[in-house]
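Q: Predicted model and sequence below, questions to follow.
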Amino acid sequence: MKFEETLQKLQVPEWKSRYIQYGELKQCLDHLVKSKKQQKAIPAPNPFEVLLAKDIEKIDSFYKVQEANLMESWRKLADQVKVMRTTSPRIPIPSTAGVHDDDSHPTHSGKGSGGCSCGFLRSMLSTCSSNSTSSKQSVKQKKKILKKAFEEFYRVLDMLQSYVDLNRTGVRKIVKKYDKNMKGRLTDTLLPAEYRRYCFSSKKHAVLARSVENTYTAEFADGDRRLAMQRLRVPENRFVSLDWSTLVAGVLIGASMIGVVVMVIAATVMHGRDEVHFDAHQRSIFKIFRGLFIFALYPLLLGSNTYVFHKVGINFAFIMNFSPKESVRKMWKELILNGSATLFVWTLATLTFVFSPSAAPWTLLATVVCMLVIVARPYRAMTNRHAPFPLWIVGRVLSAPFFFVNFADFFTGDQMNSLVIPILDLEFAVYYLTTRFDNVEEGASPDDDFTTGHIVLRALIAMVPAWTRFVQCLRRYRDQTGKAVGRRHPHLTNAGKYACSFFVVTFSVLASAHKSDDATLTSSHSRAFFALWILAALVNMSYTIAWDLLMDWGLFRKEAKHAYLRNNLMYPPKIYYAAMVYDVIGRATWVLSISVGFFSTSATPDYLTFGLAVVEVLRRYFWNFIRLENEHLNNCGEYRASRDIPMPYDQVRSEELNFGNEDNDDSFLDNVTLDNSSTTVTGNVPSANISATLKPHGVDMTETRRRHTVDLTPSVEVHGGIYRVNFTDQTQL
């Protein structure tokens, strides 16, 4: 495999722009080779060397920023572990030996070599002075959160190591290619100097990795290093080729297509033989099984979404907060396999219903159970948060006001908003089983005797998806208020979009309830409600189309290379234009539901509703492609490739310290405090001798436990009456 392909495959998607631009360097080299063959002079300075130097400078600066962030994160993690360990005296104090800040890192804003030790000091005092039982989280929960933080931190270290290795290899390969084609000597002159760059010579990330491995092994793996490394290391993100599951999925889809053809032929023959009898059952079949068809089709669409995301480099697992160990390599295959299996079950059940209407209740019940077992696999979906259809996400969506809302939650809520018709059909199936179980052959349509209460119930069910997104937006605004007070956009603006759906459903139900038996608007109330329905639908359509194109997809940006799009695109421009047109058409399908469905008394609305449901599901299918792409590009713009995990232990704010001289005479100290944001100790302290072993609250800072030796020695710097106390951690692992 060529290195350029390897680079595209192994690079961190969110850091793509910060890697060596190997393709551009090759193009520049090809241009120079062509000029050499034409005996043209190479311009000075050499454009290849200029471009290479620019890339290496970019790599170096990016590495320094990432390393600085890692050092800061490690200090926080070390403090957290130290606090956790003080609650269990049998556990030794963690080591940060070998990881110190120095002046060779120009972008690091550390506070001196003793910053880490003073962080330890604050953690110790915070733990000793606070009551740990008053925390809302149990010790076990806090340890679990800290364990996840260590795993995520190690993943970032692994990504940074891969970043350095790939760029170093890229520089070496492109320089050797230059020397080979241009008869140059950059390998001897340029390469040694560039390899001395900070990004290629620093070993801090490697030292950090060893420290994380040692701490994780001791704290979270009971000393089992092999188990610790299995948990910490992420498998290589390889693309899974076709295998037996793909073959099974293809066979099931092919068999389902044959079954659909047989079903259409059978329905045509039976319709000609007994038109009246079959029409009555036909309406029941459509109302019951059209929703189940959408639920069977949806996993196939999501599977193809995931397949494309993987192919084009969209980090779907990171965006959806799935584990890269379990989800990246096989999610699309599992989705397609589940979808093909449920589609096959749906085909068999529908054929049974067509040829034996009397078996409809049992067929329907068996179909629903089989589809739930195949698609959801309830036990796995409830216990494994990385299952393709995790039921716990649906639970979070339905209880949105009470939980923090992440991307997976509102993405699932958006999918539910496109499944309103299938959800209503599922409710219809329950109603059919409970009310028409014994008189299937009478030929009456189940919706002929809908009560007013049932109509209201169906309206409320239709509002549930929009309601979940509405309260999610409110919760997002509530959580954002502390960071941006008074900022109503975009969360409240988005909530207003979903609020429009409430008016659409309400006025449609009222208009339907007041129309006459011949589907005409005879009363003033019916005409008024119908007009309000039209107005609400127009406002809702305009609102949603504008939000889709401007906010969810990020299109219509000024100075974009392609008209009405944006500068960064991961698909061909034609895809965006086609998706824009289809989105507008899909959002305007309510016109057909009013002009054809509302004023019809035949079975036509049932077929029309099914068609509209398919159009809406396909619209959401195309929406997913560009919505996830836009989210991925936002992450790339901020180089956000790791998750923010909140620390379980609170940081100390201000604590009193007692220092004593060697004679333990500390009467000269008066109200010495430690500032939370620095390592500076201030107070009425004489400029005389300050040299002692620190013993806050009786904790001896020199001890030996389980082969771990901890020796913290204080040193004092005096600057204008302010005393900076640094403690050197001499822990030996």
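A: Done, it's in. Residues are numbered from 1 along each chain as shown.
Q: from here on, contacts and neighbour counts on C-alpha atoms
A: Noted.
Q: ok, the residue nearest to residue 163 when sequence neighbours are not counted - contacts?
A: Distance criterion C-alpha to C-alpha, 6 or more residues apart in numbering; nearest residue to residue 163, sequence neighbours excluded, is residue 11 at 7.0 Å. For residue 11, the contact set (C-alpha atoms under 8 Å, 6 or more residues apart in numbering) comprises 19, 162-163, 166.
Q: between those residues, which has the most around it?
A: residue 163 (23 neighbours; other C-alpha atoms under 10 Å).
Q: where's that residue relative to residue 46, distance?
A: Per C-alpha to C-alpha, to the nearest Å, residue 163 is found 27 Å from residue 46.
Q: what do you get for residue 64?
A: Residue 64 sits 27 Å away from residue 46, going by C-alpha to C-alpha.
Q: Now the residue nearest to residue 163, what are its backbone angles?
A: Phi and psi for residue 11, reported as degrees, to the nearest 10, are phi -70, psi 150.
Q: And for residue 5, the neighbour number?
A: Neighbours of residue 5 (other C-alpha under 10 Å): 10.
Q: The one 3 residues further on now?
A: Residues lying near residue 8 (other C-alpha under 10 Å) number 14.
Q: Could you list the low-pLDDT ranges of the stretch 101-250 of the chain?
A: 101-137, 235-243 (pLDDT under 70).
Q: Please disregard the earlier target; I meant the stretch 601-733 of the chain.
A: For the stretch 601-733 of the chain, residues meeting the criterion pLDDT under 70 lie at 601-604, 650-733.
Q: let's see it at 80
A: Within the stretch 601-733 of the chain, the segments meeting pLDDT under 80 span 601-606, 639, 641-733.
Q: Okay, residue 37 and residue 181: tell me how far apart.
A: Per C-alpha to C-alpha, residue 37 is found 11 Å from residue 181.
Q: more neighbours, these two?
A: Using other C-alpha under 10 Å, the more surrounded residue of residue 37 and residue 181 is residue 181, with 13 against 9.
Q: Now the more buried one: closest residue in space that isn't a chain neighbour?
A: Residue 181 sits nearest to residue 33 (C-alpha to C-alpha, 6+ apart), 6.8 Å away.
Q: and the one you found, what helix or strand is that in?
A: Per DSSP states H and E, residue 33 falls inside helix 22-37.
Q: Show me what that helix is packed up against.
A: helix 47-86, helix 139-182 (3 or more C-alpha pairs under 8 Å, 6 or more residues apart in numbering; DSSP states H and E).
Q: With distance to residue 627 added, can I get these in TSV?
A: Output for those, formatted as TSV (distance: least, C-alpha to C-alpha, whole Å):
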stretch	distance to residue 627
helix 47-86	28
helix 139-182	25
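Q: Let me know which of those is the nearest to residue 494.
A: Nearest of those to residue 494, taken as C-alpha to C-alpha: helix 139-182 at 31.6 Å.
Q: angle of that closest one against helix 22-37?
A: Helix 139-182 and helix 22-37 are oriented at 10 degrees to each other (axes from the mean of the first three to the mean of the last three C-alpha atoms, to 10 degrees).
Q: by how many degrees do helix 139-182 and helix 47-86 diverge?
A: Per the same axes, to 10 degrees, the angle that helix 139-182 makes with helix 47-86 is 160 degrees.
Q: After helix 139-182, which helix or strand is next? Please name it.
A: With DSSP H and E, the next secondary element past helix 139-182 is helix 186-189.
Q: Toward the C-terminus from that following helix, list the very next helix or strand.
A: Of the helices and strands lying after helix 186-189 in sequence (DSSP H and E), the nearest is helix 191-195.
Q: Remind me what that next one packs against, helices and strands.
A: For helix 191-195, the helices and strands in contact under the criterion 3+ C-alpha pairs under 8 Å, 6+ apart are helix 139-182.
Q: helices or strands up against the helix it packs on?
A: Checking 3+ C-alpha pairs under 8 Å, 6+ apart, helix 139-182 ends up next to helix 22-37, helix 47-86, helix 186-189, helix 191-195, helix 198-201, helix 204-220, helix 225-232.
Q: what does stretch 467-484 contact?
A: Residues from elsewhere that reach stretch 467-484, judged by C-alpha under 8 Å, 6+ apart: 397-401, 404-405, 410, 413-414, 487-488, 491-492, 494-496, 498-499.
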